[in-house]
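> Let me see the structure of the following:
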Amino acid sequence: MGRIYISSDLHLGHDKEFIWKARGFSSIEEHDAAIISSFNEVVQPEDTLILLGDNMLGDNDAGIKKFHQLPAHMWLVYGNHDSDARQALYEQSWNVDRILGYASILKYDGFTFYLSHYPTLTGNFEDEHKYLKQQVINLCGHTHTTDRWSDIDKGLIYHCEVDAHGMKPVLLDDIIDEFIRRRHLND
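Prediction:
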C-alpha cells in the first residue's frame, strides 16, 4: 500500500447552489469536474483513498459514473446521504476495496484514528496531556466547515471535508504533522 489520503463530502451530482456555489464554482458540472481532476492528480495508483461519507447525491446512475472516475483503492465510511441504494452501488464498485460501515478504527504509524462521517468525541479533556499516540483522533466530515479545527475545542476532532482542504484529499501523514505542530504550539 502506498500513502493514505482522507476526504469527505464530495457531493458529486448534488445540484444545489449551497454546495457548488459555496465552494466557488459556477455549476455542479464545474464542481464535479474539479473534484475528480484534483483527486486524480493527488492520489496515485498505489495509494489508498478513504472517503468519510456523502460521496454523491441526486441521480444515482449519473452519480456512480462520476464516482467511478475517482481513483481506485478506496475505503468508504457511510454518511447521512449514503442511502441503501447508494450503498449497494458502492459495494459493487470496481474502485472500492473496503466498506467500513458507519465508523471504523484505523491504526497507523502508532496513532489510532476513529473514522466517521459525523464529528465524534473520542475522549475527554482529562486526556489532553497524554501523548498523542495514547489518544484516539476523530477524522470526520459532515459539517462542510472550511476550518479543519472547528471542533477541536470539544476533543481531538479533525475535519476532512473537501471544503476545508481546497477541494483535495488530505494526506494522513500531513494530518499527523498538523496535530504534532498544533500540540507543540499549545504546550
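> Helices along the protein, start to end?
17-20, 28-42, 60-67, 84-91, 172-186 (DSSP state H).
> If you count neighbours, what's buried in the worst-scoring helix or strand of the chain on mean pLDDT?
Sorting the helices and strands of the chain by mean pLDDT, DSSP states H and E puts helix 172-186 at the bottom, at a mean of 87. Within helix 172-186, the residues that count as buried by 16 or more other C-beta atoms under 10 Å are 172, 175-176, 179. Bear in mind the C-beta positions are built from the backbone N, C-alpha and C, glycine included.
> Output these in TSV, with distance to Met74 appended to each entry.
Shown next, in TSV, are the buried residues of helix 172-186 (distance: C-beta to C-beta, whole Å):
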residue	distance to Met74
Leu172	14
Ile175	18
Ile176	21
Phe179	24
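> Just name the closest of those to Leu139, please.
Nearest to Leu139 among those is Ile175, at 7.0 Å by C-beta to C-beta.
> Relative to Gly155, how far out is the closest one?
In this view, Ile175 and Gly155 are 15 Å apart by C-beta to C-beta, to the nearest Å.
> Going along the chain, name the strands of the chain.
Per DSSP state E, the chain carries strands over the ranges 4-7, 48-51, 74-76, 96-99, 103-108, 111-116, 136-140, 157-159, 170-171.
> who's in contact with Val43?
By C-beta atoms under 8 Å, 6 or more residues apart in numbering, Val43 lies in contact with 5, 49, 71, 169.
> Make a markdown table out of these and add neighbour count, distance to Lys16 and pLDDT.
A markdown table is the format used below for the contacts of Val43 (neighbours: other C-beta atoms under 10 Å; distance: C-beta to C-beta, whole Å; pLDDT from 0 to 100):
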| residue | neighbour count | distance to Lys16 | pLDDT |
| --- | --- | --- | --- |
| Tyr5 | 27 | 26 | 98 |
| Leu49 | 23 | 24 | 98 |
| Pro71 | 19 | 25 | 92 |
| Pro169 | 25 | 22 | 98 |
